[in-house]
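Novice: Provided below for reference: sequence and predicted model.
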Amino acid sequence: MWAYIFGAVCPRKGKGAGLVLPYCDTEAMQQHLAEISQAVDEGAHAVLILDQAGWHVTPKLKVPDNITLMFLPPRSPELNPVENVWQFLRDNWLSNRIFKDYDDIVAHCCAAWNKLVDQPWKIMSIGLREWAHRSGSPLVGIIGEQLLDDEAERGMQNWMAPSEIAGLLLMRRVPKAFPAYYERSGYRVLGVIIPDLDDVLRMETSKLPSRASTLLPLHLRPALLAGVAIVQRAGPEMLHMLRSHMMGENKARFGSAIDEILDCARQSRTSSQLHLI
């Protein structure tokens, strides 16, 4: 018996649609297309990137009206952005496990996929390939850079100022007097969003940035820019999710900071609306 994860992600919205099925054939692919179709926003259209496996290209498939299939060149699966997702699932939640039986394998596959879908910021971060986002949809870091430029040069901002988001992402997640079971001294909020950032910061010998001083070494700036874009796109709910990953006084300070910033943003929008009236 076999277990296959059929999955598709939308890195722009941090959404995913997937099934765990016992077969990898045309019938299974048809079920997967139906699952993706119902996840597409009303009035939107999905472009699904696929390799040329037989169950992808068969004329027996009935492709839903809100999906267009885009096939990659032969023998080039590494071009598919979803390969990042499969590697992440294997490295973090599926590999090096001993499974009791077939049902346990299915349960682990379902749990891994559901855990990923519950972390939209993770999909936004890993669900990209540069070639697929070079035209029309820039890389996430470039989006963050544009957001900060728009704020600085044109006073433009969405639900929250990008510079405020950058400051929040550089706050500490754990107390400065680290608990004994924490080995790393570089924990920042940004590390919740960007995989492996904690390991990178742990090796930094220079003074690390903070909310008050957000200047980053050049090699770390793309991570911060990507984090700004991801939070800006996900909305205020993501800030509350990030707060849940913090400890002690840091958690309280972060909560107070986001409440104050969001209140100011709401008052600013209300004032602007009254002025327009």
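Specialist: Sure thing, it's come through.
Novice: use CA for all of it now, contacts and neighbours both
Specialist: Fine.
Novice: all helices of the protein, in order?
Specialist: 26-39, 54-57, 82-89, 102-117, 120-126, 140-154, 162-169, 190-193, 197-202, 221-234, 236-243, 248-276 (DSSP state H).
Novice: take those helices and lay them out in TSV including distance to Asn66 and mean neighbour count.
Specialist: As requested, the helices of the chain are exported to TSV (distance: least, Cα to Cα, whole Å; neighbours: other Cα atoms under 10 Å):
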stretch	distance to Asn66	mean neighbour count
helix 26-39	6	17
helix 54-57	17	15
helix 82-89	20	18
helix 102-117	21	16
helix 120-126	21	23
helix 140-154	25	17
helix 162-169	33	22
helix 190-193	30	23
helix 197-202	37	16
helix 221-234	23	22
helix 236-243	28	16
helix 248-276	35	13
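Novice: now for this structure, the helix or strand with the poorest mean pLDDT.
Specialist: One helix or strand of the chain scores below all others by mean pLDDT, DSSP states H and E: helix 197-202, with a mean of 69.
Novice: distance of the nearest residue to Ile105 once chain neighbours are set aside from Ala107?
Specialist: Sequence neighbours aside, Phe99 is the residue nearest to Ile105 in space, at 6.0 Å (criterion: Cα to Cα, 6 or more residues apart in numbering). According to Cα to Cα, to the nearest Å, Phe99 and Ala107 sit 10 Å apart.
Novice: cool, and Glu237?
Specialist: According to Cα to Cα, Glu237 and Ala107 sit 28 Å apart.
Novice: and for Ala166?
Specialist: Distance, Ala166 to Ala107, by Cα to Cα: 38 Å.
Novice: pLDDT score assigned to the residue nearest to Ile143 when sequence neighbours are not counted?
Specialist: Excluding the flanking residues, the one nearest Ile143 by Cα to Cα, 6+ apart is Ala229, at 5.9 Å. Here the pLDDT value assigned to Ala229 is 84.
Novice: try the one 10 residues further on
Specialist: pLDDT for Leu239: 86.
Novice: same check on Thr58?
Specialist: Note on Thr58: pLDDT of 95.
Novice: try Thr205
Specialist: Looking at Thr205, its pLDDT is 53.
Novice: kindly report the same for the one 4 residues further on.
Specialist: Taken from the predicted model, the pLDDT recorded for Pro209 is 58.
Novice: ok, the one 5 residues further on next?
Specialist: Looking at Thr214, its pLDDT is 56.
Novice: and what of the one 5 residues further on?
Specialist: The predicted local distance difference test score for His219 is 62.
Novice: how far away is Gln232 from Leu128?
Specialist: 17 Å.
Novice: Cys110 reaches Gly7, doesn't it?
Specialist: No - checked against Cα atoms under 8 Å, the pair Cys110 and Gly7 is beyond contact range at 10.9 Å.
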